[in-house]
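> give me a model of this one.
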Amino acid sequence: MAKTRTKYVCSNCGRQTPRFMGRCPNCGEYNTMVEEVEEVSRASSTRTRSAIAVPGNTPQRLGEISSDVGERLYVPVEEFSRVLGGGIVPGSIILLGGEPGIGKSTLILELSAMMAEQLGHVLYVSGEESTRQIKMRADRLGLEAENLYLLTETNLGSIFEHVNQISPVILVIDSIQTTYIDEIDSSPGSVTQVRECASRLQSLAKSSGTSVFLIGHVTKDGSIAGPRVLEHIVDTVLYLEGDLFQTFRLLRSVKNRFGATNEVGVFEMQQRGMVEVSNPSEAFLAERVVNAPGSAIAVTMEGTRPLLVEMQALTSPTSFGNPRRTPNGVDLNRLLLISAVMSKRVGLKLHEQDIFVNVIGGMKISEPASDLAMAMAMASSYFDTAVPADLVLIGEVGLSGELRTVGQLSARLNEASKIGFKRALIPRTRRMPEDVPPGMELIAVRSVADALKVAVPRA
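Numbering: from 1, shown residues only. All right, here's what the predicted structure looks like:
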C-alpha cells in the first residue's frame with residue numbers, strides 16, 4: 001500500500017524541505033515554499049542502485065563521437081534565427097518567457113505558420129485559449145497554413161497521443177504552467193508538475209527529433225515562473241522584453257547550447273503582428289531631435305550586434321532636501337555612480353539637481369560602455385548645450401574620472417559609420433583601433449573632464 005508524504009518545495013529554486021519555512025534556505029526568497037503531497041510505494045523505496053543502468057548505452061571514445069549536430073531547420077524570420085544561432089536544431093527544446101501581453105503567443109503563432117508552410121506538420125497546443133480564439137488571432141495576422149494543427153489540451157498524456165498521430169516537426173506548448181500529468185497528485189503549475197512535464201517533453205524531443213517550444217509565465221521580478229531546474233532542462237532560454245507602451249520588442253537569448261548567448265533580435269509590434277526590424281539602430285534614432293540639449297548617442301553591444309541608442313538626461317533644480325535620481329532603461333546604481341563622478345571630478349553641482357535618465361525605445365542597457373554617453377547627456381542638460389549631432393560616445397567611466405576602453409570597438413565604429421556619424425569620442429589607450437571606417441574621425445581622451453570639452457564645448 002502506498003504511503004503519503006508531505007514535503008515543501010521552493011517555487012523559485014526547487015529546494016525541498018520536510019517542514020514549512022518562511023524563507024528558502026537555498027535561494028533566500030521569502031514565501032516561496034509550497035506544500036506538496038506525494039505517494040511513496042514500497043517498490044520505489046527499495047529500489048536498488050543497479051537499477052539506474054540504462055540498457056543500450058555504452059561508453060564511447062571521444063574521438064569516435066561525431067560533433068555534427070545535423071542540419072538546422074530553416075527559420076524564415078531572420079531575427080529569430082539570429083537569436084537561435086542560425087536555425088532550429090532538430091530535437092531541441094526551447095523555452096520562451098515574457099510578461100503578459102508582451103507578444104509571446106503572437107510571435108510563436110507567426111513562426112509556427114511560417115514553419116508549417118516550409119517544413120511540414122506543426123502542432124500548436126494551447127492550455128489557455130480555445131482553438132477559435134487562436135483562429136481569430138491568425139485571421140487578424142493574415143496567417144494561413146494547411147499543415148498547422150491547433151489543439152486545446154492540458155493533459156500531457158493526451159498531447160503525446162496527438163503527437164504520435166500527427167508526427168509534427170515542431171511542437172508548441174502554450175504554456176508549460178498549464179500542463180499536467182495524471183500520475184502526479186498536484187495542481188498544474190506546481191513545482192513537481194512543471195519539472196516532470198518538462199522532463200517528459202525533453203525525452204520526447206531527444207527520442208523523436210521533434211523540436212519543442214515551451215512558453216513560460218514569468219514572476220513579478222521578471223524571471224520564468226517555476227523551479228530553476230526548468231531552465232537547466234531546456235537547451236535554449238529566450239526572453240521577450242520591451243515596454244508595453246512602446247512598439248519595440250527585444251528577443252534575448254540568455255542560454256543557448258547551440259549558439260551564442262546574449263544575442264538579441266528586434267521586433268516591432270504592429271497591427272499585422274510582430275514585424276522584424278532589420279536595422280534596429282536606424283529605427284531607434286528615427287525620431288531623434290537633432291541638437292537637443294540632454295541627448296547623447298551611445299553604441300552598445302547586444303550579443304554580437306552593435307546597436308546605436310539615444311540616451312536622454314534631464315537635470316532640474318530640486319525642490320526637496322534629497323534630490324531625485326530616476327532611471328529608465330539603465331541601472332539605478334550606475335546612475336548614482338556617474339552622477340557622483342560628475343560632481344566630484346568635474347565639479348557639476350548635481351547634489352542640488354533632480355536627474356532623470358531615459359533610454360529611447362524601451363531598451364535596457366547594462367554594459368558600462370554607455371557610461372560616457374550618460375555622463376555627457378547629464379552635462380549637456382546641466383549646461384543647456386547640445387552635444388554635436390555627428391558625434392557618438394563610447395567608453396566606461398571609472399571612479400577617478402578616467403575613461404576605460406571597451407571591447408569590440410571596431411564593430412561599434414563600423415555600425416556608427418553606417419548610420420552616418422562622422423566622429424567618435426573614445427578612451428585613449430595604448431592600442432587604438434587600426435581598421436577605422438573611412439570618413440570616421442576618432443577623438444581620444446583620457447578623462448571625463450577632457451571629454452566634456454569636446455562633447456559640451458560651452459561648458
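
> make it CA atoms for all contacts and neighbour counts henceforth
Fine.

> so for stretch 391-400, mean pLDDT?
Averaging pLDDT along stretch 391-400 yields 95.

> report the buried residues of it.
391-398 (16 or more other CA atoms under 10 Å).

> C-terminal to the longest helix along the chain, what's the next element?
For the chain, the longest helix by residue count, based on DSSP state H, is helix 191-208. Using DSSP states H and E, the helix or strand that follows helix 191-208 in sequence is strand 211-216.

> coming back round to it: helices and strands around the longest helix of the chain, which ones?
Counting contacts by 3 or more CA pairs under 8 Å, 6 or more residues apart in numbering; DSSP states H and E, helix 191-208 packs against strand 211-216, helix 229-233.

> direction included, what does the first one pair against?
What it means is strand 211-216. Counting by DSSP bridges, the strands paired with strand 211-216 are strand 93-98 (parallel), strand 170-174 (parallel).

> which residues are contacting the longest one?
Around strand 93-98, the neighbours that count as contacts under CA atoms under 8 Å, 6 or more residues apart in numbering are 104, 202, 205, 211-218, 222-224, 231, 234-241.

> in PyMOL, select just the buried ones from those residues.
Buried residues among these (16+ other CA under 10 Å), as a PyMOL selection:
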select buried, resi 104+202+205+211+212+213+214+215+216+217+218+223+224+231+234+235+236+237+238+239+240+241
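
> contacts for stretch 444-458, please.
With contact meaning CA under 8 Å, 6+ apart, stretch 444-458 is reached by 342, 345-346, 372, 376, 379-380, 383, 385-388, 391, 397, 401-403, 425-428, 459.

> what segments of the chain are helices?
Counting by DSSP H, the segments of the chain that form helices are 42-45, 78-84, 104-118, 131-141, 156-166, 191-208, 229-233, 280-284, 332-341, 371-383, 409-419, 448-455.

> can I get the CA coordinates of stretch 71-87 in CSV?
In CSV, the C-alpha atoms belonging to stretch 71-87 read as follows (Å, rounded to 0.1, in the frame of the first residue of the first chain):
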residue,chain,number,x,y,z
GLU,A,71,21.4,20.4,-40.5
ARG,A,72,19.4,23.1,-38.7
LEU,A,73,15.8,23.7,-39.6
TYR,A,74,15.5,26.9,-41.6
VAL,A,75,13.7,29.7,-39.8
PRO,A,76,12.1,32.3,-42.2
VAL,A,77,12.3,35.0,-39.5
GLU,A,78,15.9,36.3,-39.7
GLU,A,79,15.8,38.0,-36.3
PHE,A,80,14.6,34.8,-34.6
SER,A,81,17.1,32.7,-36.5
ARG,A,82,19.9,35.1,-35.3
VAL,A,83,19.0,34.5,-31.7
LEU,A,84,18.8,30.8,-32.0
GLY,A,85,22.3,30.7,-33.6
GLY,A,86,21.3,30.1,-37.3
GLY,A,87,18.2,27.9,-37.1
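
> what bits of this structure have low per-residue confidence?
Counting by pLDDT under 70, the chain contains low-confidence residues at 1-3, 38-57, 67-70, 220-223, 225-228, 459.

> would you mind splitting it into its domains for me?
3-43, 71-278, 283-455 (automatic domain parsing).

> ok, which of the ones you listed comes nearest residue 58?
The closest of the domains of the chain to residue 58 is domain 71-278. By CA to CA, the value is 17.1 Å.

> how far away from the center of its chain is the closest one?
Counting by CA atoms, centre = their mean, to the nearest Å, domain 71-278 is centred 14 Å from the centre of its parent chain.

> cool, stretch 361-374 as well?
When distances are taken as CA atoms, centre = their mean, stretch 361-374 is centred 16 Å away from the chain's centroid.

> could you pull out the buried residues of it?
Residues 361-365, 368-374 are the ones in stretch 361-374 that count as buried (16+ other CA under 10 Å).

> residue 250: which of these is nearest?
residue 363 (8.1 Å).

> now residue 350. Nearest residue, chain neighbours left out?
Nearest residue to residue 350, sequence neighbours excluded (CA to CA, 6 or more residues apart in numbering): residue 343, at 5.9 Å.

> any figure for the gap between the closest residue to residue 21 other than its chain neighbours and residue 340?
Leaving out its chain neighbours, the residue that sits closest to residue 21 by CA to CA, 6+ apart is residue 33, at 6.6 Å. Remark: distance between residue 33 and residue 340 (CA to CA, to the nearest Å) = 41 Å.

> if we can go back for a sec, weed out the non-buried ones from the contacts of stretch 444-458.
Applying 16+ other CA under 10 Å to those flags 342, 346, 372, 376, 379-380, 383, 385-388, 391, 397, 401-403, 425-428 as buried.

> against which helices or strands is the longest strand seen in the chain packed?
For the chain, the longest strand by residue count, based on DSSP state E, is strand 305-317. In terms of contacts (3+ CA pairs under 8 Å, 6+ apart), strand 305-317 is packed against helix 280-284, strand 295-302, strand 353-359, helix 371-383, helix 409-419.

> so how far is residue 382 from the nearest residue to residue 362 once chain neighbours are set aside?
In space, and not counting its chain neighbours, residue 362 is closest to residue 243: 5.2 Å by CA to CA, 6+ apart. As judged by CA to CA, residue 243 and residue 382 stand 28 Å apart.
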